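>>> Here's a sequence, model it:
(2 chains)
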2 protein chains.
Amino acid sequence: MELKVDGRSLLGALDELAQIGAIEGGGCARLALSDDDKAGRDLVVARMRALGLEVQVDAIGNVFGMRPGRERLAPIMTGSHIDTVRTGGRYDGNYGVLAGLEVVRALNAANVTTRRPIVVAFFTNEEGARFQPDMLGSLVYAGGLGLNEAYVAADKDGLSVGDELRRIGYLGPMKPGAIRPQAFLELHIEQGPILDEEKVQIGVVEGVQGISWTEYTVTGVSNHAGTTPMRLRRDAGYLAASVNVFARALAREMGGDQVATVGALTLRPNLINVVPNRAVFTVDLRNTDEARLKEAEAKVAAHVAEVAAEERLDVETRVLARFEPVIFDSGLVDHVEHHAKALSLSTRRMPSGAGHDAQMMQRICPTAMIFVPSVGGLSHNVGEHTEPHDLVAGAQLLLNLMVDLAERS
Amino acid sequence: MELKVDGRSLLGALDELAQIGAIEGGGCARLALSDDDKAGRDLVVARMRALGLEVQVDAIGNVFGMRPGRERLAPIMTGSHIDTVRTGGRYDGNYGVLAGLEVVRALNAANVTTRRPIVVAFFTNEEGARFQPDMLGSLVYAGGLGLNEAYVAADKDGLSVGDELRRIGYLGPMKPGAIRPQAFLELHIEQGPILDEEKVQIGVVEGVQGISWTEYTVTGVSNHAGTTPMRLRRDAGYLAASVNVFARALAREMGGDQVATVGALTLRPNLINVVPNRAVFTVDLRNTDEARLKEAEAKVAAHVAEVAAEERLDVETRVLARFEPVIFDSGLVDHVEHHAKALSLSTRRMPSGAGHDAQMMQRICPTAMIFVPSVGGLSHNVGEHTEPHDLVAGAQLLLNLMVDLAERS
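Sure thing, here's the model as predicted:
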């Protein structure tokens, strides 16, 4: 028997959810635990119930729609998130959740009961645009953060996660982590340009890059740009520039998945004819391999120290974020690739450069991710777009995978 | 007969003028044609009159204190300016004017009448901190800018040079340029660190560096710092960094007087995890040799074009300022060196990296400059400082030079 997702239903569901918190340009603004997030949650919960799922809400607001299996075994879970950044697109997160519901719809339509239960989940505050840390709900679910610690996380207006969960009615009775899946799958748009650029239909995600964020505050001496010889300069801006160029060359030289970005930089006094006496800048390094990431960090740090000594600059270093890489379950990753090929979809193994709930779930169960192309790699942008045929192909792959996994012992 | 400047009088005069527009930290704020500038002018004019000088004011507010000679020949002129930047020091400009008056005082005290007349001048709006262009008074005096054009120059509140000159009573009857000197000398603090660093007493200034100011506006594409491979980036900030590093290497490689500065840089969106899609930055290039300055400009422009092409960036280029180098009169420069050595003062030939009224006067008569050390090279800073013995030594050199020149045919 061949199960098929209903593409029209999937696209309709995406359109419907995108109406909530809709913003100009076709995007969405549904910050976590806001009124619009509540409206989005209510809509998805109603869809879950309409599909016959039993809805459970845990104490951090993660929501689970449960479809029973033939046996009382650990379920196969899929899901993602429905919160967005302030200028978000309509696919990021939402796609994985609504495609999960289309898996259920297909099973219902064919009147199939799988051996293992199927669960479709959405997690609280994945984006981190309102509350830090990001991936908060799945992090708590996987035991990486205590509930009390999570509850006191506050937004910039001082409103806390705990209070906002209560206010919107999503502080549920279930203990986070209570449903321990047999496997977890997350379907997501790539949020990067590689699949689109290479015209590949499915990204077989092997892991999530480790992230290293460092802020450097450099102090030099302001001097007249005309009268100060080069050898006497203590130019804070020069160090920032030198690190940017070094990091680019380093990433190219290291190759593989290594990326390096100087995204933020502020100079003082920031005048055309004055040597900058202060530069504050950030370095974002990512790699799928922890040893390589540490190597990149060490090389950047050594370069900073070397130029600072040459230029007689003082440098303060602050680590803003540091996550080790996550490696997904290799057997499950092979399954993703196998089923994609069985559907005659072109595939590419790749890491995720962005963080995802799946990386937290890998802490408690075998996990993998499926990426579909994102046109031009636009992400966290109202112009984010994935072609309908790619959305449907990804959902079909998810369906086939889940049914296969749900029949295994 | 040995003429000597009165060091105590010079230092007292500097202290007295520094009281007007005094600001915290020992500096001055006497923006051109402000009430404080008027008060400063009135004080210096009163000092001129007390020394028996005949005061003339020209139509752009330049002020000349005239001491007759034995013959009706072209005078030997010295001078500088008394306006300051908003956080100026007490020596910049003021020193050259007040030292000129000490030359007159020494001549008066010795009852000496030189063959040629002696003139001590101060010029309007040298700093350019209130009205652009800078060196406005001397530029008009030398015929480089018409009076009407100068009069309409307005400050940020819309007040014009013409109106402000009238308001403070310094729109005089004399035609700018009417007194054509036989030679012009300007005594000034270095505004840079070289003399202080090398423990040299007198800078023999051979010319003023040419200045090239360019602003680049770079447009790339914002992308996720984690998911965008290096080869697909169009990072506007990278170009800015690359130009900074290139300009540093270029200045070192070209050597001589070449300096290069990236002083101002603004990134957008300026976020740690987003590849910048916009960078606006400036490049300040200076050289005493026009051909070398052009070479530096061409090399920077070629580098910008090359990186922009590699990185697929759009670049808009705007020239903010361009002045050719000025070369002072070599005979007069030799005189400065000769008289310094005769006073057993250590000397160093050097260019000026900053602009000065003398560079405008070189257009109409043989001109040279004398620099004295500035501690740590601080300039346009309330902490600007020159040691008293250096101030007195510079004034004595100016006296000896002027007397020598004023006796020549």
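>>> Now for A:E54: which residues touch it?
A:G65, A:M66, A:P68 (Cβ atoms under 8 Å, 6 or more residues apart in numbering or on different chains). Placement of C-beta: from N, CA and C, glycine included.
>>> Quick one: the helices in the stretch 301-409 of chain A, in order.
A:330-342, A:357-361, A:388-407 (DSSP state H, counting those that start in this stretch).
>>> Just give me the closest of the contacts of A:E54 to chain B.
A:G65 (28.9 Å; Cβ to the nearest Cβ).
>>> about what we covered before: so which of the helices of the stretch 301-409 of chain A gets nearest B:R105?
helix A:357-361 (80.9 Å; Cβ to Cβ).
>>> How many residues are close by A:P269?
A:P269 has 12 neighbours, counted by other Cβ atoms under 10 Å in any protein chain shown.
>>> who's in contact with it?
Contacts of A:P269 (Cβ under 8 Å, 6+ apart): A:S222, A:P276, A:N277.
>>> Can you tell me which of these is closest to B:S379?
The closest of the contacts of A:P269, once distances to B:S379 are taken by Cβ to Cβ, is A:S222, at 9.9 Å.
>>> out of the contacts of A:P269, which touch chain B?
Counting by Cβ under 8 Å from any Cβ of the partner chain, A:P276 from the contacts of A:P269 sit close to chain B.
>>> Scan the contacts of A:P269 and report the most crowded one.
Counting by other Cβ under 10 Å, top hit in those: A:P276 with 31 neighbours.
>>> Look up phi and psi at that one.
phi -60, psi 130 (degrees, to the nearest 10).
>>> swap in the one 4 residues further on?
Listed backbone geometry of A:V280 is phi -120, psi 120, with angles given as degrees, to the nearest 10.
>>> same thing with A:A178?
According to degrees, to the nearest 10, A:A178 has phi -60, psi -40.
>>> rewinding a little: give the PyMOL command for selecting the buried subset of the contacts of A:E54.
Here is the PyMOL command that selects the buried residues among the contacts of A:E54 (16 or more other Cβ atoms under 10 Å in any protein chain shown):
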select buried, chain A and resi 65+66
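>>> quick check, nearest of the contacts of A:E54 to A:D329?
Closest to A:D329, out of all of the contacts of A:E54 and judged by Cβ to Cβ, is A:M66, at 22.3 Å.
>>> residues in contact with the closest one?
Residues near A:M66 by Cβ under 8 Å, 6+ apart: A:L53, A:E54, A:V55, A:Q56, A:P75, A:P117, A:I118, A:V119, A:I179.
>>> just A:L11 next, same as before
Counted by Cβ under 8 Å, 6+ apart, A:L11 has contacts A:P388, A:L391, A:V392.
>>> ok, those vs chain B, which is closest?
Proximity of the contacts of A:L11 to chain B (Cβ to the nearest Cβ) peaks at A:L391, which lies at 18.5 Å.
>>> sorry, back to before: reformat the contacts of A:L11 into TSV and put neighbour count next to each item.
Output for the contacts of A:L11, formatted as TSV (neighbours: other Cβ atoms under 10 Å in any protein chain shown):
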residue	neighbour count
A:P388	12
A:L391	24
A:V392	20
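>>> Kindly reformat the residues you listed as a markdown table and extend each row with pLDDT.
Converted to a markdown table, the contacts of A:L11 look like this (pLDDT from 0 to 100):
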| residue | pLDDT |
| --- | --- |
| A:P388 | 98 |
| A:L391 | 98 |
| A:V392 | 98 |
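>>> Any stretches of chain A with poor pLDDT?
A:1 (pLDDT under 70).
>>> can you pull out the helices in chain A?
A:7-18, A:35-50, A:94-109, A:136-141, A:147-151, A:161-168, A:194-198, A:236-254, A:290-311, A:330-342, A:357-361, A:388-407 (DSSP state H).
>>> Contacts made by the fourth one with the rest, please.
When contacts are taken as Cβ under 8 Å, 6+ apart, the neighbours of helix A:136-141 outside the stretch itself are A:32, A:58, A:60-62, A:81, A:123-126, A:128, A:133, A:145-147, A:150, A:153, A:161, A:176-177, A:357-358, A:360-361, A:364.
>>> Out of those, name the ones that lie in strands.
A:H81, A:F123 (DSSP state E).
>>> Any of the contacts of helix A:136-141 buried? List them.
Buried, going by 16+ other Cβ under 10 Å: A:32, A:58, A:60-62, A:81, A:123-126, A:128, A:145, A:147, A:150, A:153, A:161, A:176, A:357-358, A:360-361, A:364, out of those.
>>> Keep only those of those that are also close to chain B.
The subset of those within reach of chain B, by Cβ under 8 Å from any Cβ, is empty.
>>> Now the buried members of the contacts of A:M66.
Buried among those (16+ other Cβ under 10 Å): A:L53, A:Q56, A:P75, A:P117, A:I118, A:V119, A:I179.
>>> okay, those in TSV with distance to chain B next?
Converted to TSV, the buried ones among the contacts of A:M66 look like this (distance: Cβ to the nearest Cβ, whole Å):
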residue	distance to chain B
A:L53	32
A:Q56	32
A:P75	30
A:P117	33
A:I118	29
A:V119	28
A:I179	29
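>>> of these, closest to A:M369?
For those, the nearest to A:M369 is A:V119 (16.6 Å; Cβ to Cβ).
>>> that older thread, what's the closest of the helices of chain A to B:K294?
Closest to B:K294 of these, according to Cβ to Cβ: helix A:236-254, at 24.0 Å.
>>> Convert the closest one to CSV, retaining C-alpha atoms only.
Provided in CSV are the C-alpha atoms of helix A:236-254 (Å, rounded to 0.1, in the frame of the first residue of the first chain):
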residue,chain,number,x,y,z
ALA,A,236,42.3,49.3,17.4
GLY,A,237,40.4,49.2,14.1
TYR,A,238,43.4,47.6,12.4
LEU,A,239,43.2,44.6,14.7
ALA,A,240,39.5,44.1,13.9
ALA,A,241,40.3,44.3,10.2
SER,A,242,43.2,41.9,10.5
VAL,A,243,41.1,39.3,12.3
ASN,A,244,38.4,39.5,9.7
VAL,A,245,40.9,38.9,6.9
PHE,A,246,42.6,36.2,8.9
ALA,A,247,39.4,34.4,9.8
ARG,A,248,38.4,34.4,6.1
ALA,A,249,41.7,32.9,5.1
LEU,A,250,41.6,30.4,7.9
ALA,A,251,38.1,29.2,7.0
ARG,A,252,39.2,28.7,3.4
GLU,A,253,42.4,27.0,4.4
MET,A,254,40.6,24.7,6.9
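>>> Enumerate the positions of it that are buried.
A:236-248, A:250-251, A:254.
>>> out of those, which touch chain B?
A:G237, A:Y238, A:A240, A:A241, A:S242, A:V243, A:N244, A:V245, A:R248, A:A251.
>>> which of the buried ones among the contacts of A:M66 are the two that sit furthest away from each other?
A:Q56 and A:I118 (13.7 Å).
>>> what comes up buried for stretch A:113-122?
Residues A:T114, A:R116, A:P117, A:I118, A:V119, A:V120, A:A121, A:F122 are the ones in stretch A:113-122 that count as buried (16+ other Cβ under 10 Å).
>>> Please apply the same query to stretch A:202-218.
Neighbour counts over stretch A:202-218 (16+ other Cβ under 10 Å) mark A:202-214, A:216, A:218 as buried.
>>> centre of the chain versus that stretch, how much separation?
Centroid separation for stretch A:202-218 versus its chain: 11 Å, with Cα atoms, centre = their mean, to the nearest Å.
>>> likewise stretch A:253-263?
That offset, for stretch A:253-263, works out to 19 Å (Cα atoms, centre = their mean).
>>> likewise stretch A:126-140?
Counting by Cα atoms, centre = their mean, stretch A:126-140 comes out at 10 Å from the chain centroid.
>>> Between the two ends of it, what distance do you get?
11 Å (Cα to Cα, to the nearest Å).
>>> Pull out the buried residues from that stretch.
Buried-residue list, stretch A:126-140, by 16+ other Cβ under 10 Å: A:126-131, A:134-140.
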